[in-house]
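would you be able to build a 3D model of this:
(4 chains)
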There are 4 protein chains.
Amino acid sequence: MANSMYETCIQACSNCALVCEMCASACLREEDVKMMARCIELDRDCAAMCAMAAVLMTRDSQLAKELCGLCAKICRACGEECAKHQMDHCQECAKTCMSCAEECERMAA
Amino acid sequence: MANSMYETCIQACSNCALVCEMCASACLREEDVKMMARCIELDRDCAAMCAMAAVLMTRDSQLAKELCGLCAKICRACGEECAKHQMDHCQECAKTCMSCAEECERMAA
Amino acid sequence: MANSMYETCIQACSNCALVCEMCASACLREEDVKMMARCIELDRDCAAMCAMAAVLMTRDSQLAKELCGLCAKICRACGEECAKHQMDHCQECAKTCMSCAEECERMAA
Amino acid sequence: MANSMYETCIQACSNCALVCEMCASACLREEDVKMMARCIELDRDCAAMCAMAAVLMTRDSQLAKELCGLCAKICRACGEECAKHQMDHCQECAKTCMSCAEECERMAA
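Purely as a prediction, here's the structure:
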């Protein structure tokens, strides 16, 4: 599909952005929303960073690598927070974020 | 991965957004950029609309259906313009836009 | 600054997008987050729609008017929800959303 | 309006994002589009980075400072390219990018 040099990382970021959006929405519908507040906060930032990283790689932008470096950080932070919660959406999001972080770290190296 | 009710359409929009970004970038590197100006313009709008449609469906937003209706329009316009150009990136983008338009029309119905 | 034909509406949307982002973040830090869940949900969608409306008007996109029509709807929904809460961030967001809705309705007409 | 700690920088980024979008659209309508291709490319990336920096500051995100550091770089690159072209939209964009770069550098420090 997209820019072949970055293909795997683009797909990881594009997918992670949507998984984080979905996790944030699902967290907002949980019984105990307060417990999920930090998760929602990180989901929002992670979704925004991942979406932008995917776009910049697709454009072969000169900022792509550096943005992937930042993206890896927020993916790790979001993944660690999500991992603390037992809901399926958080557990799936944790795994997605962690594997996206690895792809982004590879890109940024 | 994401919200299962909209799964196919989310994937179509998410993919189409990136294909349009890539097509715009490739058009800007063509020898005759002037000929591609309209294509670039539509790629930019189509990329923005498709990315947002994917996000709103993932969130199960109350605006998702109506946005998909608008998204279908710009996908058709972009696909028709891309189809006029022989480069691989435009031909691929044309096909991607047209199939995304169909998914969005189904969603909007 | 930007496209003069749409100037007032672009500023209203651009401002409203940021006010909604700020309201969502402030809601997430409230004691009773559960009470704010619907507000956060609408803030997120309203922020995304307003940001995109501002961009499409600035580009003089063929979709600008129709998107402003949709944007007006989510601004009204978000403004009505925010108006129910007494916090300063919600009251300010309610006013900002309502006046943005009016600008968008004018544009869409 | 928004998060007061970052107020000036948020406004600079939010404004710069729209000025870059407008410059890109105006460049695409120039007689000699080829000469503007690099400008359009940088406008697109600068618009995306500035819009995201404004959002992350408004949210008081933990990534705000680092993203402002990256944003400053693309603002400088875009401002330098725009400064080479005599059209009003490029000259205005050059000035806007340079002053946004300064604000972002202050934030990132």
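
touching chain B at all, stretch A:23-38?
Yes: using CB under 8 Å from any CB of the partner chain, stretch A:23-38 reaches chain B at A:24-25. Heads up, the C-betas are built off the backbone N, CA and C, glycines and all.

show residues contacting that stretch.
Residues outside stretch A:23-38 that contact it (CB atoms under 8 Å, 6 or more residues apart in numbering or on different chains): A:39-40, A:43-44, A:47, A:81-82, A:85, A:87, A:89-90, A:92-93, B:58-60, C:28-29, C:32-34, C:36-37, C:40-41, C:44.

likewise for stretch A:100-107?
A:6, A:8-9, A:12-13, A:15-16, A:50, A:53, A:57, A:64-65, A:68-69, A:71-72, A:75-76, A:79.

what residues of that stretch count as buried?
For stretch A:100-107, burial by neighbour count (16 or more other CB atoms under 10 Å in any protein chain shown) applies to A:100-101, A:103-105, A:107.

what average pLDDT does it get?
Computed over stretch A:100-107, the mean pLDDT rounds to 97.

for chain C, what are the nearby residues on chain A?
A:24-25, A:28-29, A:31-34, A:36-37, A:40-41, A:44.

local confidence estimate at residue A:5?
71.

ok, now residue A:51?
Per the predicted model, pLDDT is 98 at residue A:51.

the inter-axis angle of the host helix or strand of residue A:18 versus helix B:7-28?
Using DSSP states H and E, residue A:18 maps to helix A:7-28. Between helix A:7-28 and helix B:7-28, the angle comes out at 140 degrees (axes from the mean of the first three to the mean of the last three CA atoms, to 10 degrees).

related to what we said a few turns ago, and the residues of chain A next to chain C, which of them are buried?
A:24-25, A:28, A:33, A:36-37, A:40-41, A:44.

can you classify the residue in chain A sticking out farthest from the centre as helix, strand or coil?
Computed with CA atoms, centre = their mean, the maximum C-alpha offset from the centroid of chain A is found at residue A:31, amounting to 24.1 Å. Here residue A:31 is coil, with the state taken from DSSP: H, G, I helix; E, B strand; the rest coil.

residue C:61 versus that one, what's the distance?
According to CB to CB, to the nearest Å, residue A:31 and residue C:61 sit 42 Å apart.

residues of the helix or strand hosting residue A:66 that come out buried?
Per DSSP H and E, residue A:66 falls inside helix A:64-83. Within helix A:64-83, the residues that count as buried by 16+ other CB under 10 Å are A:64-79, A:81-82.

ok, now stretch A:54-63?
Quick answer for stretch A:54-63 (16+ other CB under 10 Å): A:54-61, A:63.

coming back round to it: from the chain's centroid, how far away is the following helix or strand past the helix holding residue A:18?
Using DSSP H and E, the helix or strand that follows helix A:7-28 in sequence is helix A:37-58. In terms of CA atoms, centre = their mean, to the nearest Å, the centre of helix A:37-58 is found 5 Å from the chain centre.

cool, stretch A:33-52 as well?
Put simply, stretch A:33-52 sits 9 Å off its chain's centre (CA atoms, centre = their mean).

residue A:57 touches residue A:13, doesn't it?
Yes: in this structure, residue A:57 is within contact of residue A:13 by CB atoms under 8 Å, at 7.3 Å.

any idea which element residue A:95 lies in?
helix A:88-108.

any part of stretch A:70-82 near chain B?
No: Stretch A:70-82 is not in contact with chain B by CB under 8 Å from any CB; minimum separation 14.9 Å.

with that, I have no additional questions.
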